[in-house]
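1. just need the structure, nothing else, for what follows:
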Amino acid sequence: MSAPRSSSAKYSFVVASNRLPVDRVVDDEGNEGWRHSPGGLVTALEPVMRANDGAWVGWVGQPDVEVDPFDNEGIHIVPVPLSTSEVEEYYEGFSNDTLWPLYHDVIEHPSYHRDWWNSYKGVNKRFAEQIAEIVEQDGIVWVQDYQLQLVPALLRELRPDLTIGFFNHIPFPPVGIYAQLPWRAQILDGLLGADVIGFQRHDDASDFLRAVRHIKGFTTKGSTIDVPVDDPNAPRSRKGVTVRHVEARHFPISIDAESFEEIARRPEVQERAREIRQGLGNPKTVLLGVDRLDYTKGIRHRIKAFGELIQDGRVKVEDATLVQVASPSRERVDTYRMLRDEIELSVGRLNGDLGTITHQPISYLHHGYPREEMVALYLAADIMLVTALRDGMNLVAKEYVATRFDNDGVLILSEFAGAADELKQAVIINPHDIGALKDSIQRAIEMPKRERSTRMRALRKRVRDNDVARWSRSFLEALDRHAPRNARIDPTGAEQHREAQTDNMSIFDQDAQTARAAEDTREARDA
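-> Numbers count the residues shown, from 1 in each chain. Below is the predicted model:
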């Protein structure tokens with residue numbers, strides 16, 4: 001952490017998200033520090049921000065904590081404080097108990113409270129004011145995710161000179177579901193303040209465009225929305241109304257595939273993978289689920305299907321183990337506490353009914369792990385189960401594929417996860433169909449090595465070719481087309497960062513690159 005700039009500092013490129021890319025940590029002696037947050041979004045945007053003198057605006061993750069702006073590893077950090085009541089109402093309430101279930105097809109019933117909505121408006125206004133204060137004239141702003149959907153319009157009102165992008169990391173629901181939201185028009189107005197609105201899937205963008213037509217009555221053509229404005233200098237629509245053109249389309253997010261493969265190739269990580277299998281009793285098949293503990297992830301469905309396979313005698317309990325990592329999530333929300341109780345009861349019952357003295361069918365782990373341990377788990381797993389009932393993307397599926405440089409392993413992937421649009425060589429399933437899910441698991445267990453290898457090579461090529469740097473670059477290039485000539489952003493910062501990494505590549509990394517080139521040759525031959 002380095003000294004902050006002047007309080008009047010201005011930045012040409014600003015990213016805003018609910019959480020900052022750093023976590024505040026306090027040691028036993030009360031000394032405050034900051035720890036870098038791992039994640040694809042941070043990885044994608046760091047080099048772009050450095051190349052464009054960028055700042056990141058967000059909450060520190062703890063209530064009633066006010067922190068002055070500071071610099072961290074070359075990125076300017078601008079914290080936005082939240083009170084305890086705002087965390088309860090804006091974040092846990094409206095964001096996660098209203099919008100989250102609504103946007104995930106009402107898998108759980110959303111709660112609608114006017115106090116939550118008022119808090120959501122207040123926090124979004126504070127974010128917009130903070131951004132407006134620090135961004136340069138004709139600057140570019142990229143707002144992230146469903147917690148900040150009002151920010152684009154609020155920011156445009158404060159700073160009409162700005163070019164504004166918004167990316168929705170979660171699904172956008174069909175209009176029949178979205179229309180249930182009492183504040184449906186206000187949310188659309190907020191989003192339409194952006195110049196470019198990004199979604200994970202083509203269907204999400206289409207659902208948004210239908211909502212705009214149905215609820216707001218605006219004209220759309222392809223991915224372009226005509227938003228009426230009072231600006232006499234703006235273009236006119238076919239109906240003669242002065243409009244601003246807003247672009248809404250899909251930009252599927254991804255991961256830093258290269259970094260996951262680099263970790264997977266480390267000898268100590270591979271040794272850890274062998275230790276994990278040995279600790280599980282060296283079963284013939286290790287199945288793995290990695291999720292936040294959330295009702296959208298289909299954890300109950302995969303546990304039920306796996307348990308029935310053993311009960312039916314189709315899989316021997318000694319031959320297979322399901323490792324379920326369920327990291328804690330929103331544990332102050334009642335729905336999540338009840339979900340944890342239900343899953344842990346199911347796991348305990350299955351282990352009690354089906355386990356033996358030497359073997360438990362399910363290894364359940366309710367905590368998170370560092371990235372190296374997760375990569376070791378991916379390497380140890382013969383089958384990856386992604387059974388989401390509704391998911392914007394699901395990056396776990398891509399992480400599993402990226403680590404499998406051995407071209408082995410089977411990915412079972414829900415058709416309701418955004419990743420299914422890209423990873424078509426996975427075994428695609430409907431998680432609600434327990435019978436078909438059981439058949440798919442058995443098929444994966446019995447799949448010949450040649451088929452596993454063919455599928456995995458194709459999956460790996462897709463993930464490598466469409467990594468997180470390409471995602472950020474494609475969005476920023478779209479946003480750049482809306483910016484005035486004197487405010488163009490350099491969306492190639494991520495590529496420059498990769499070139500620098502290549503220039504400083506270790507012998508180990510060069511070996512990995514050589515192995516990938518050989519793999520590409522094999523793919524071309526098989527094709």
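2. state the number of residues packed around residue 284.
-> Counted with other C-beta atoms under 10 Å, residues neighbouring residue 284 total 12. The C-beta positions use only the backbone N, C-alpha and C, and glycine is treated the same way.
3. ok, residue 207 next?
-> Residues lying near residue 207 (other C-beta under 10 Å) number 21.
4. quick check, it in contact with residue 174.
-> Yes: at 5.2 Å, residue 207 counts as touching residue 174 under the criterion of C-beta atoms under 8 Å.
5. from what I see, residue 214 and residue 178 are in contact.
-> No: counting by C-beta under 8 Å, residue 214 sits too far from residue 178 to count as a contact (9.0 Å).
6. more neighbours, those two?
-> Each of residue 214 and residue 178 has its neighbours counted (other C-beta under 10 Å); residue 178 has more, 20 against 14.
7. quick one: the more buried one from residue 479, how far?
-> 25 Å (C-beta to C-beta, to the nearest Å).
8. same question for residue 196.
-> Using C-beta to C-beta, residue 196 is found at 5 Å from residue 479.
9. now the common contact residues for the two.
-> Common neighbours of residue 196 and residue 479 (criterion: C-beta atoms under 8 Å, 6 or more residues apart in numbering): residue 165.
10. and residue 211, which of the three is it?
-> Here residue 211 is recorded as helix under DSSP: H, G, I helix; E, B strand; the rest coil.
11. ok, it - contacts?
-> Neighbouring residues of residue 211 by C-beta under 8 Å, 6+ apart: 172, 175, 178-179, 184, 188.
12. dump those to JSON lines, plus secondary structure, distance to residue 436 and pLDDT.
-> JSON lines is the format used below for the contacts of residue 211 (DSSP: H, G, I helix; E, B strand; the rest coil; distance: C-beta to C-beta, whole Å; pLDDT from 0 to 100):
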{"residue": "172", "secondary structure": "coil", "distance to residue 436": "27", "pLDDT": "98"}
{"residue": "175", "secondary structure": "helix", "distance to residue 436": "29", "pLDDT": "97"}
{"residue": "178", "secondary structure": "helix", "distance to residue 436": "29", "pLDDT": "98"}
{"residue": "179", "secondary structure": "coil", "distance to residue 436": "32", "pLDDT": "97"}
{"residue": "184", "secondary structure": "helix", "distance to residue 436": "35", "pLDDT": "98"}
{"residue": "188", "secondary structure": "helix", "distance to residue 436": "37", "pLDDT": "98"}
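13. shaky segments in the stretch 201-350 of the chain?
-> The model of the stretch 201-350 of the chain has pLDDT under 70 over residues 232-240, 331.
14. what segments of it are strands?
-> Secondary structure of the stretch 201-350 of the chain (DSSP state E, counting those that start in this stretch): strands at 219-221, 224-228, 243-250, 285-292, 320-327.
15. the stretch 351-500 of the chain now?
-> Counting by DSSP E, counting those that start in this stretch, the stretch 351-500 of the chain has strands at residues 362-365, 383-386, 410-414, 427-429.
16. quick one: closest of these to residue 448.
-> Set against residue 448 and scored by C-beta to C-beta, the strands of the stretch 351-500 of the chain come closest in strand 410-414, at 10.9 Å.
17. and the contacts of residue 211, which are buried?
-> Those of the contacts of residue 211 that meet the buried threshold are 172, 175, 178, 184, 188, by 16 or more other C-beta atoms under 10 Å.
18. show me which of those is closest to residue 242.
-> Distance to residue 242 across these (C-beta to C-beta) is lowest for residue 188, with 19.1 Å.
19. which residues touch the closest residue to the closest one other than its chain neighbours?
-> With C-beta to C-beta, 6 or more residues apart in numbering as the criterion, residue 188 has its nearest non-adjacent residue at 5.6 Å, and that residue is residue 216. Residues in contact with residue 216 (C-beta under 8 Å, 6+ apart) are 185, 188-189, 192.
20. quick one: residue 155 is in a helix?
-> Yes: checked against three-state DSSP, residue 155 lies within a helix.
21. residue contacts, it?
-> By C-beta under 8 Å, 6+ apart, the neighbours of residue 155 are 128, 131-132, 141, 143, 162, 164, 193.
22. repeat for residue 481
-> By C-beta under 8 Å, 6+ apart, the contact set of residue 481 is empty.
23. hmm, residue 77 is touching residue 54, no?
-> No: the criterion here is C-beta under 8 Å, and residue 77 misses it with residue 54 at 10.7 Å.
24. related to what we said a few turns ago, of the buried ones among the contacts of residue 211, which is the nearest to residue 31?
-> Checking these against residue 31 with C-beta to C-beta, the nearest one is residue 172 at 43.0 Å.
25. identify the residue nearest that closest one in space, chain neighbours excluded?
-> Excluding the flanking residues, the one nearest residue 172 by C-beta to C-beta, 6+ apart is residue 204, at 4.2 Å.
26. the one you found reaches residue 167, doesn't it?
-> No: the pair formed by residue 204 and residue 167 falls short of the contact definition of C-beta under 8 Å, at 11.1 Å.
27. then stretch 286-300 to PDB, C-alphas only?
-> This file holds the C-alpha atoms of stretch 286-300, laid out as PDB (Å, rounded to 0.1, in the frame of the first residue of the first chain):
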ATOM      1  CA  VAL A 286     -13.600 -39.100  -7.400                       C
ATOM      2  CA  LEU A 287     -16.500 -36.700  -8.200                       C
ATOM      3  CA  LEU A 288     -16.200 -33.100  -7.200                       C
ATOM      4  CA  GLY A 289     -18.600 -30.200  -6.600                       C
ATOM      5  CA  VAL A 290     -17.300 -26.700  -5.800                       C
ATOM      6  CA  ASP A 291     -19.800 -24.000  -5.100                       C
ATOM      7  CA  ARG A 292     -20.800 -21.200  -2.800                       C
ATOM      8  CA  LEU A 293     -23.500 -22.500  -0.500                       C
ATOM      9  CA  ASP A 294     -26.400 -21.200  -2.600                       C
ATOM     10  CA  TYR A 295     -29.800 -22.500  -3.600                       C
ATOM     11  CA  THR A 296     -29.100 -21.700  -7.200                       C
ATOM     12  CA  LYS A 297     -26.200 -24.200  -7.400                       C
ATOM     13  CA  GLY A 298     -28.200 -27.500  -7.500                       C
ATOM     14  CA  ILE A 299     -26.100 -29.000  -4.600                       C
ATOM     15  CA  ARG A 300     -29.200 -30.900  -3.300                       C
END
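28. for that stretch, the distance to its chain's centre please.
-> Here the centre of stretch 286-300 is set off from its chain's centre by 15 Å, with C-alpha atoms, centre = their mean, to the nearest Å.
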